[in-house]
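Chemist: Prediction below, plus the sequence it came from.
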Amino acid sequence: MDNEHDMLESIKAILEKEGYKVSCFDTGQKVIRALKTKKFDLLILDIMMPDLSGWDVFSHARKINDKQKVIFVSVLEISPERKRELESYGLAEYITKPFDREMLVNRVKIILMADDKSNYV
């Protein structure tokens, strides 16, 4: 989920090239609707969104599935302490934009243990 169309398309292209199935949504509400009917192996959520924040979507997703894997992406840097705090809530990763293609792919692979049949948001 990202409100920047270029970022959505970029992440989608990167992950599809690696063989992953990718679904993209430009609002938090659309993600929440999708979570009601489909299971995703990993959510990649922008923190700052116009309707619901990535944190709001994360909280909702964890209520549906307390093991839901989530990566936050943001232009905002966070401290190592804040990152550890977010991880204590179940966040799998926090990536700062702009990010390197290879780094994104490696982190996704690590989180999913290289499962090439995974579905993404």
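Modeler: Noted; the coordinates are in hand. Numbers count the residues shown, from 1 in each chain.
Chemist: Per-residue pLDDT of H5, please?
Modeler: Note on H5: pLDDT of 82.
Chemist: what residue ranges in the protein are flagged as low confidence?
Modeler: In the predicted model of the chain, residues 1-3, 114-121 satisfy pLDDT under 70.
Chemist: what about 50?
Modeler: For the chain, applying pLDDT under 50 flags the ranges 114-118.
Chemist: Give me the most central residue, it.
Modeler: Centroid-nearest residue in the chain, with Cα atoms, centre = their mean: I44, separated by 0.9 Å.
Chemist: distance of that one from E81?
Modeler: Distance, I44 to E81, using Cβ to Cβ, to the nearest Å: 23 Å. Glycine gets a C-beta too; all of them are placed from N, C-alpha and C.
Chemist: gap between I11 and F25?
Modeler: Distance of I11 to F25, given as Cβ to Cβ: 12 Å.
Chemist: more crowded one of these two?
Modeler: Per other Cβ atoms under 10 Å, whichever of I11 and F25 has more neighbours is I11, with 24 against 21.
Chemist: Now do the phi/psi pair for that one.
Modeler: phi -60, psi -40 (degrees, to the nearest 10).
Chemist: now it: how far from T37?
Modeler: In terms of Cβ to Cβ, I11 sits 22 Å off from T37.
Chemist: can you give me the helices for the chain?
Modeler: Ranges of helices in the chain, per DSSP state H, are 5-17, 28-37, 54-64, 80-88, 101-112.
Chemist: okay, those helices, which one's buried deepest?
Modeler: Highest mean neighbour count of those: helix 54-64, a mean of 18 (counted as mean count of other Cβ atoms under 10 Å).
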